[in-house]
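Asks: need a structure here:
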Amino acid sequence: MFQFKHKILISSIGLLALAVLLAPVCFAGVNAAPHLGTGSGARSIGLGGAFTAIADDATSTIWNPAGLPAVDDLTITLASAPMTLDRRHSFIGLIKSVGNGGLGLSVVNAGVDGIDAYNSQGVRTGSFGYNSNAIALSYGHNLGVVSLGASGRMYMDTIDDSSASGFAGADIGLLGGNKARTFSYGIAARNLGNSIPGAELPIIVTGGLAYRVLHKHVATFSVDVQHQVLDLPESTTSLHLGTEYLIAKTFAIRGGSKLTADRVQFFAGFGVGVGGLQLDYAVKAVESSVYDDIGGGTHFVSLSYSY
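Replies: Model prediction:
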């Protein structure tokens, strides 16, 4: 049994290493769906996106599918982020335990309403909307030493009366840690092998660590390093830092940051859990870059129920 688990571990690490090695030669010139790279869920956003080594709720389908075995038996999560300029971003995830694993179904929706339309003479002719849905089927399995997970995602894009669809790629992930659950590590590679007609999604490779101080209350410190394979003048490698302080398994306070060579973002949030019901809130408090001061003010809300 030990040899079997050892072989599985070595094989999975090799697969993830292959994804990392291939990523630099698979540049995407344009990110066709940037909202798929921002993540979902107020809790993980409040941690600055440093969630790859934590991944223990329904948003694991987005961050690291290897975390699905740690999700409660039956969990449903709804998340929303009302944006500026009539933009919207929402997430719904349903997770069910299956033996030593977890099966997940999730949908990420993004869109813009009321876009002005003009004819060739520059005269406004009305308005139209943009809507996209990414539907993912995910599975994670606990092998004891580590958990492994994978997702497959379909993408449907609609602009006015035209639409396109395709395979938005596969995600693979690994999650491990010590028996005391004070230390964990995670690796995830996303958007592998996507084939959306006329568009490209960047491969995203992320590695993370998390450390928990288990005392009367629980303090969690997490860090992620993420690289998006994009041919852009801006930096596509980012450092994510997060902190969560959980009081009596009921109330949590969170803070986080996302840092690149030319941009900085700071996040804050909180969570309240009663029984199987969990409410989380986060806000992007500050965002600035070397080009201009963008400001903050984007709000994120999630509601989860576990049975």
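Asks: From what I see, Val264 and Glu287 are in contact.
Replies: Yes - contact criterion C-beta atoms under 8 Å: Val264 and Glu287 qualify, at 7.4 Å. In short, each C-beta sits where N, CA and C put it, glycine included.
Asks: Those two: which has the busier surroundings?
Replies: Higher neighbour count among Val264 and Glu287: Glu287, with 17 against 14, using other C-beta atoms under 10 Å.
Asks: In which helix or strand does that one reside?
Replies: strand 277-289 (DSSP states H and E).
Asks: Would you list the strands that the host helix or strand of Ile92 pairs with, along with their directions?
Replies: In the assignment (DSSP H and E), Ile92 maps to strand 87-98. Strand 87-98 pairs in its sheet with strand 74-80 (antiparallel), strand 101-118 (antiparallel), by DSSP bridges.
Asks: Run through who's touching it.
Replies: Contacts of strand 87-98 with the rest of the structure, by C-beta atoms under 8 Å, 6 or more residues apart in numbering, involve 35, 38, 40-41, 58-62, 68-69, 71-83, 102-113, 139, 302.
Asks: picking up where we left off before, quick one: name whatever helix or strand follows the strand holding Glu287.
Replies: By DSSP H and E, the next helix or strand past strand 277-289 is strand 298-306.
Asks: which stretches of the stretch 151-300 of the chain form strands?
Replies: 162-177, 183-192, 204-214, 218-228, 237-247, 251-259, 263-274, 277-289, 298-306 (DSSP state E, counting those that start in this stretch).
Asks: picking up where we left off before, so what touches the strand holding Glu287?
Replies: If you take C-beta under 8 Å, 6+ apart as the criterion, strand 277-289 is touched by 41-43, 45-46, 252, 254, 262-273, 294-306.
Asks: For it, give the mean pLDDT please.
Replies: Across strand 277-289, pLDDT averages out at 88.
Asks: Pull out the buried residues from it.
Replies: Of the residues in strand 277-289, 278, 280-287 count as buried by neighbour count, 16 or more other C-beta atoms under 10 Å.
Asks: Also stretch 254-274?
Replies: Within stretch 254-274, the residues that count as buried by 16+ other C-beta under 10 Å are 254-260, 263, 265-271, 273.
Asks: If anything else comes up later, I'll come back, but that's it for now.
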